[in-house]
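Undergrad: the following block contains a protein sequence and its predicted model.
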Number of protein chains: 2
Amino acid sequence: MIRLFLAEDQSLLNTALAQLLDLEDDITVVGTATDGQAAWAAISQLKPDLAVLDIEMPKATGLDVADLIQGAHLPTKVVILTTFAQSAYFQRAVKAGVAGYLLKDAPTDELVANIRRIMAGATVYAPELVQNMVTASTNPLSEREMDVLKAAANGQSTKEIAQTLFLSAGTVRNYLSAIFSKLGVANRMEAVNLAKRNKWL
Amino acid sequence: MIRLFLAEDQSLLNTALAQLLDLEDDITVVGTATDGQAAWAAISQLKPDLAVLDIEMPKATGLDVADLIQGAHLPTKVVILTTFAQSAYFQRAVKAGVAGYLLKDAPTDELVANIRRIMAGATVYAPELVQNMVTASTNPLSEREMDVLKAAANGQSTKEIAQTLFLSAGTVRNYLSAIFSKLGVANRMEAVNLAKRNKWL
DNA sequence: TTCTTTCCATGACAATTGTCACCTGACAGT
DNA sequence: ACTGTCAGGTGACAATTGTCATGGAAAGAA
């Protein structure tokens, strides 16, 4: 019997999935949570066989919880269940040694099947991720350049950015200019849009 | 027996919910869809008693489908099921005469209970919405101003905006200036951020 | 009808933004 | 000791952006 814990912040999906998984003969849902803190508190007590974690949750993300589980050497396998294939998240999850990384964009049957495979010792990554890994562009900007871009993304003017980062206005303009040329764009708005699209922001 | 149709683009939730609702003695799920077009095609054929529609779907939104259902005078009640309480969506839904507007941030039991109440003739709006309605700020921008702001949000320069909207560059700057003063901000970036925060974009 | 308001439009002007060439000091590698 | 690279800086200049005063047309109210 697979003792499973479920953490998912959207109540509707949380309860629906919990009930459905519990119907399976070889799975018991030993607990659920709708935020990361509660999830970790419960998991460290219950020590389930498997923890199914959403990434985007209040208080602590599923990846934070995965790190905690690994750090505490619990006998609990981790499956990350998330909406979209973003390689940044995925890479962190692999580092945290998760046994599965699945997308919500698949029917429940598939989820159940994957849970069984994982409990049998397999490691399952959603195939979409491998593709995204290849095409994923890495952030060409330096840390300092990111600071400037973040400030610009908040709508701050050159002068304001200079003040908050303790730089001269000219330097800020230089940074922005360098950012634009690295990203191949012509102005702040385009730079910010591109950075957001690539999840660098 | 309630003949129910479910449209929800996230497959996991779609299948989970369909199975769970189908388990109820007085509910049959006569069909599901993961995009708006498919949903309308199926609903206009099946004429179910109730259509549960997500808003954010590919091809056509749940609200588009609700409009179509109302326009065709089908005997189908509509329930909108969505993630967050945004009054813009809500107002449009009310105009489309929906029988229910529920949030995904509630357990399945509640969904089922509300479905029964709605089929008994009730109209059910998630209470969170009433609160949001009061605090909801309405978009102070004119249609033309929104066109300009949208273009600016894409990173287009004044000149480019002017070309796509067949205006002079000066007029575009003027619109932007009016936008800034209406929104109480100083530049494009801030205006776009504010508009996105208020879901006007 | 006339008045007022709103939306849309224009061009002149000032301020800000983006580009460029070039300088300094710190630090890592050869 | 030399070289490259990186964070930070300057100032000049051109282009873009934001402000303002102003005018026309349509729609609703008097």
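TA: Arrived safely, thanks for sending.
Undergrad: A:Ser157: how many residues sit nearby?
TA: Using other Cβ atoms under 10 Å in any protein chain shown, A:Ser157 has 16 neighbouring residues. C-betas here are computed from N, CA, C, even on glycine.
Undergrad: per-residue confidence for it?
TA: Predicted confidence (pLDDT) for A:Ser157: 86.
Undergrad: OK, contacts around it?
TA: B:Ala186, B:Asn187 (Cβ atoms under 8 Å, 6 or more residues apart in numbering or on different chains).
Undergrad: how much space separates it from B:Met189?
TA: Counting by Cβ to Cβ, to the nearest Å, the gap from A:Ser157 to B:Met189 is 9 Å.
Undergrad: cool, A:Lys104 as well?
TA: Distance of A:Lys104 to B:Met189, given as Cβ to Cβ: 32 Å.
Undergrad: how about residues contacting the host helix or strand of A:Tyr175?
TA: Assigned by DSSP states H and E, A:Tyr175 belongs to helix A:169-183. Residues from elsewhere that reach helix A:169-183 (Cβ under 8 Å, 6+ apart): A:140-141, A:144-145, A:148-149, A:152, A:158-159, A:161-162, A:165, A:167, A:186-188, A:190-191, A:194-195.
Undergrad: now do 10 Å
TA: Contacts to helix A:169-183, defined as Cβ atoms under 10 Å, 6 or more residues apart in numbering or on different chains, come from residues A:139-142, A:144-149, A:151-152, A:156-165, A:167-168, A:185-188, A:190-195, A:198, A:200.
Undergrad: so which of those residues also contact DNA strand C?
TA: A:Ser157, A:Thr158, A:Lys159, A:Ala186, A:Asn187, A:Arg188 (Cβ under 7 Å from any atom of the strand).
Undergrad: number of nearby residues for the third one?
TA: Translated: A:Lys159. Residues lying near A:Lys159 (other Cβ under 10 Å) number 9.
Undergrad: residues contacting it?
TA: For A:Lys159, the contact set (Cβ under 10 Å, 6+ apart) comprises A:Ala169, A:Val172.
Undergrad: again, only using 6 Å
TA: A:Lys159 makes contact with A:Ala169, according to Cβ atoms under 6 Å, 6 or more residues apart in numbering or on different chains.
Undergrad: how about whichever strand or helix holds it: buried residues?
TA: Using DSSP H and E, A:Lys159 sits in helix A:158-165. By 16 or more other Cβ atoms under 10 Å in any protein chain shown, the buried positions in helix A:158-165 come out as A:Thr158, A:Glu160, A:Ile161, A:Ala162, A:Leu165.
Undergrad: got it, and stretch A:179-191?
TA: For stretch A:179-191, by 16+ other Cβ under 10 Å, it's A:Ile179, A:Phe180, A:Leu183, A:Val185, A:Asn187, A:Arg188, A:Met189, A:Glu190, A:Ala191.
Undergrad: how far away is the fifth one from B:Gly170?
TA: In other words, A:Asn187. Note on A:Asn187: its distance to B:Gly170, by Cβ to Cβ, is 19 Å.
Undergrad: quick one, what contacts the most centrally placed residue in chain A?
TA: Nearest to the centroid of the C-alpha atoms of chain A, with distances taken as Cα atoms, centre = their mean, sits A:Tyr89, at 3.9 Å. Contact analysis of A:Tyr89 by Cβ under 6 Å, 6+ apart lists A:Ile55.
Undergrad: looking at this, it is in a strand?
TA: No - counting by DSSP: H, G, I helix; E, B strand; the rest coil, A:Tyr89 is not part of a strand but helix.
Undergrad: all helices of chain A, in order?
TA: Counting by DSSP state H, chain A has helices at residues A:11-23, A:36-46, A:62-71, A:87-95, A:108-119, A:127-135, A:143-153, A:158-165, A:169-183, A:188-197.
Undergrad: quick check, A:Pro48 in contact with A:Arg3.
TA: Yes - A:Pro48 is within contact range of A:Arg3, at 4.5 Å (criterion: Cβ atoms under 6 Å).
Undergrad: for the two, indicate the residue with more neighbours.
TA: Using other Cβ under 10 Å, the more surrounded residue of A:Pro48 and A:Arg3 is A:Pro48, with 22 against 16.
Undergrad: now the helices of chain A in a markdown table, with distance to B:Leu129?
TA: Shown next, in a markdown table, are the helices of chain A (distance: least, Cβ to Cβ, whole Å):
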| stretch | distance to B:Leu129 |
| --- | --- |
| helix A:11-23 | 16 |
| helix A:36-46 | 26 |
| helix A:62-71 | 29 |
| helix A:87-95 | 31 |
| helix A:108-119 | 29 |
| helix A:127-135 | 34 |
| helix A:143-153 | 30 |
| helix A:158-165 | 37 |
| helix A:169-183 | 40 |
| helix A:188-197 | 29 |
